[in-house]
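Engineer: Sequence and predicted structure are below.
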Amino acid sequence: MATTCTVPATTATTAAVTPYAVALLREEFPILSERIHGKRLAYLDNAATTQKPREVLAAIAAYYETANANVHRGVHLLSERATAAFEDARVEVAAFFHAAQPHEIVFTRNATESINLVAHSWGGANLSAGDEVLISAMEHHSNIVPWQMACARTGAQLRVVPIDDRGALDLEAFRRLLGPRTKIVAMSHLSNALGTVNPVAEIIAAAHAVGAVVLVDGAQAAYHMAVDVQALDVDFYVATGHKLYGPTGMGVLYGKTALLEAMPPFLGGGDMIASVTFEQSTWNVLPYKFEAGTPHIEGAVALAAALRFIQRVGFTWIGAHEAALLAYATEAVQAVPGVRLVGTAPVKASILSFVMDGVHPHDIGTVVDRAGVAIRTGHHCAQPVMARFGVPATARASLAMYNTREDIDQLVAALHETRKVFA
């Protein structure tokens with residue numbers, strides 16, 4: 001159901017990044033040839049969502065053209081095809097994240113729903129008054145609000161690890177806050193507002209030492225770097241398909257088998273049951289206990305195509321390309337008069353947030369859009385981060401594998417124009 005990627009084979013086997021390789025890679029993304037206000041598109045809003053390669057688009061069309069049916073319950077051929085494609089996708093997702101078993105992968109709508117599932121199901125069964133949930137001050141609202149709700153239901157207390165002036169996690173404060181009352185640590189792998197990459201292996205080991213479980217929000221990290229959930233020994237890891245060059249409405253929850261088996265269902269309905277009577281119901285096996293109703297079948301198929309695409313390009317190439325581009329962008333944007341970066345942690349990836357003296361970020365976004373540049377402006381669903389740095393909002397440029405220096409130059413030229421407009 002997928003087409004063959006035409007990215008040159010060298011990009012999958014070497015970290016040598018050449019303009020030729022990037023140009024060929026960009027050809028795989030049809031939308032990048034769009035003209036915006038008559039200008040070349042410089043798409044720098046990847047932390048919000050990435051663009052989709054041709055083979056992902058083809059996988060969605062092929063599913064509907066050759067296999068469209070409901071899964072698991074049908075005995076006819078189309079249902080068998082759909083079920084096979086859906087479950088094959090689960091196997092590919094499990095392999096991508098190095099899960100021990102495919103049933104440790106639960107399909108959800110997005111990373112937000114994955115976190116809510118854990119907060120509601122695991123939290124409801126394991127949290128009580130006096131317990132503590134530990135998060136960081138750099139979290140996306142999706143990794144704050146579900147835990148606030150869980151604490152309100154159970155009487156547990158939410159504790160917050162501070163960040164320093166660069167936007168890095170205060171590890172000493174983390175160790176002080178971690179203790180016997182800590183039941184779960186929930187932290188981002190890569191901050192969507194700052195670009196900070198957290199030392200998740202160290203966080204996980206420290207949490208396990210006091211008997212706590214760990215959820216890592218990998219929504220921003222999983223399309224920039226390889227993730228091995230077994231090597232990390234993480235208990236829960238969440239990701240979202242639309243940032244992995246896949247479709248919207250498709251999320252991933254990884255959970256260790258023992259934890260998932262002990263958790264009650266999150267939603268009730270079809271396919272999550274083993275039996276139903278008016279007196280009681282019993283639950284299906286993993287992972288179906290957590291997948292009530294008709295799933296996003298074509299979303300799973302398309303996500304698998306996206307992961308194959310990522311793996312062919314290779315994280316070695318992606319990492320080298322994006323790191324060099326972030327360094328170039330950091331220097332170029334900082335050189336614009338009146339611009340100040342927000343988030344300068346020593347370990348960063350993909351994200352450049354900034355403010356400009358005397359200009360609201362929304363006005364920056366409007367002016368650069370007229371120059372064909374797509375960035376994000378606002379609080380980025382991270383209002384506590386904005387409060388920490390004393391700003392109402394930031395402008396955010398975020399990178400992906402297909403971005404180029406030309407994109408950055410186009411942004412910088414637009415920022416100079418912004419200063420002229422608001423001089």
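Structural biologist: Arrived safely, thanks for sending.
Engineer: Grab the nearest non-local neighbour of V412.
Structural biologist: Closest residue to V412 apart from its sequence neighbours, by C-beta to C-beta, 6 or more residues apart in numbering: A332 at 4.9 Å. Using the backbone N, CA and C atoms, a C-beta is placed for each residue, glycine as well.
Engineer: Can you pull out the low-pLDDT segments for the chain?
Structural biologist: Applying pLDDT under 70 to the chain flags residues 1-16.
Engineer: List phi and psi for Q157.
Structural biologist: Dihedral pair for Q157: phi -110, psi 140, per degrees, to the nearest 10.
Engineer: Please report the distance of P146 from E139.
Structural biologist: Using C-beta to C-beta, to the nearest Å, P146 is found at 10 Å from E139.
Engineer: Report the buried residues of the helix or strand hosting the residue nearest to V412.
Structural biologist: A332 is part of helix 315-334 when elements are defined by DSSP states H and E. For helix 315-334, burial by neighbour count (16 or more other C-beta atoms under 10 Å) applies to 315, 317-319, 321-323, 325-326, 329-330, 332-333.
Engineer: next one: stretch 54-65
Structural biologist: By 16+ other C-beta under 10 Å, the buried positions in stretch 54-65 come out as 54-60, 62-63.
Engineer: and this structure, what are its domains?
Structural biologist: By the assignment in automatic domain parsing, the chain contains the domains 9-51+314-421, 58-311.
Engineer: quick revisit: mark which of the buried residues of stretch 54-65 are part of helices, please.
Structural biologist: 54-60, 62-63 (DSSP state H).
Engineer: Next, format the buried residues of stretch 54-65 as TSV and append distance to P392.
Structural biologist: Formatted as TSV, those follow (distance: C-beta to C-beta, whole Å):
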residue	distance to P392
R54	39
E55	41
V56	36
L57	37
A58	42
A59	41
I60	38
A62	46
Y63	43
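Engineer: Out of those, the closest to A207 would be?
Structural biologist: Nearest to A207 among those is V56, at 35.3 Å by C-beta to C-beta.
Engineer: what's near enough to touch the closest one?
Structural biologist: 2, 245-247, 302, 305-306, 309 (C-beta atoms under 8 Å, 6 or more residues apart in numbering).
Engineer: run the last query once more with 10 Å
Structural biologist: 2-3, 28-29, 241, 244-247, 301-309 (C-beta atoms under 10 Å, 6 or more residues apart in numbering).
Engineer: same deal with I144?
Structural biologist: 115, 135-137, 158, 160, 186, 381-384.
Engineer: cool, and W122?
Structural biologist: By C-beta under 10 Å, 6+ apart, the residues touching W122 are 150, 183-184, 213, 215, 235-236, 255, 259-260, 262-264, 266.
Engineer: ok, 6 Å please
Structural biologist: W122 makes contact with M263 under the criterion C-beta atoms under 6 Å, 6 or more residues apart in numbering.
Engineer: Same check on T257?
Structural biologist: By C-beta under 6 Å, 6+ apart, the residues touching T257 are E104.
Engineer: Could you report the separation of it from W122?
Structural biologist: 14 Å.
Engineer: and what of H362?
Structural biologist: Going from H362 to W122 by C-beta to C-beta gives 38 Å.
Engineer: Would you check that V213 makes contact with V234?
Structural biologist: No: contact criterion C-beta atoms under 6 Å: V213 and V234 do not qualify, at 9.1 Å.
Engineer: Look at the two and report which has more neighbours.
Structural biologist: Taking other C-beta atoms under 10 Å, V213 and V234 do not tie; V234 has more neighbours (26 against 21).
Engineer: Just confirm the more buried one is within a helix.
Structural biologist: No: applying DSSP: H, G, I helix; E, B strand; the rest coil, one finds V234 to be coil, outside a helix.
Engineer: about what we covered before: what's the closest of the contacts of I144 to Y43?
Structural biologist: Among the contacts of I144, and counting by C-beta to C-beta, the member closest to Y43 is C381, at 19.8 Å.
Engineer: Give me the nearest residue to that closest one, chain neighbours excluded.
Structural biologist: C381's closest residue in space is H141 (C-beta to C-beta, 6+ apart), at 4.4 Å.
Engineer: Quick check: that neighbour touching H380?
Structural biologist: No: with contact defined as C-beta under 6 Å, H141 does not reach H380; the gap is 9.2 Å.
Engineer: where do the strands sit along the stretch 251-400 of the chain?
Structural biologist: All strands of the stretch 251-400 of the chain, identified by DSSP state E, counting those that start in this stretch, fall at 251-255, 273-276, 281-283, 339-341, 351-356, 373-374, 376-378, 394-398.
Engineer: okay, those strands in JSON lines with distance to A85 next?
Structural biologist: Listed next are the strands of the stretch 251-400 of the chain as JSON lines, based on distance: least, C-beta to C-beta, whole Å:
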{"stretch": "strand 251-255", "distance to A85": "17"}
{"stretch": "strand 273-276", "distance to A85": "23"}
{"stretch": "strand 281-283", "distance to A85": "25"}
{"stretch": "strand 339-341", "distance to A85": "44"}
{"stretch": "strand 351-356", "distance to A85": "34"}
{"stretch": "strand 373-374", "distance to A85": "33"}
{"stretch": "strand 376-378", "distance to A85": "33"}
{"stretch": "strand 394-398", "distance to A85": "31"}
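Engineer: Please report how far the closest residue to S33 other than its chain neighbours lies from P247.
Structural biologist: Distances taken as C-beta to C-beta, 6+ apart place L41 nearest to S33, at 7.7 Å, with adjacent residues excluded. Between L41 and P247 the computed distance is 20 Å (C-beta to C-beta).
Engineer: With neighbour numbers in mind, choose between those two.
Structural biologist: It is P247, of L41 and P247, that has more neighbours when counted by other C-beta under 10 Å, with 22 against 18.
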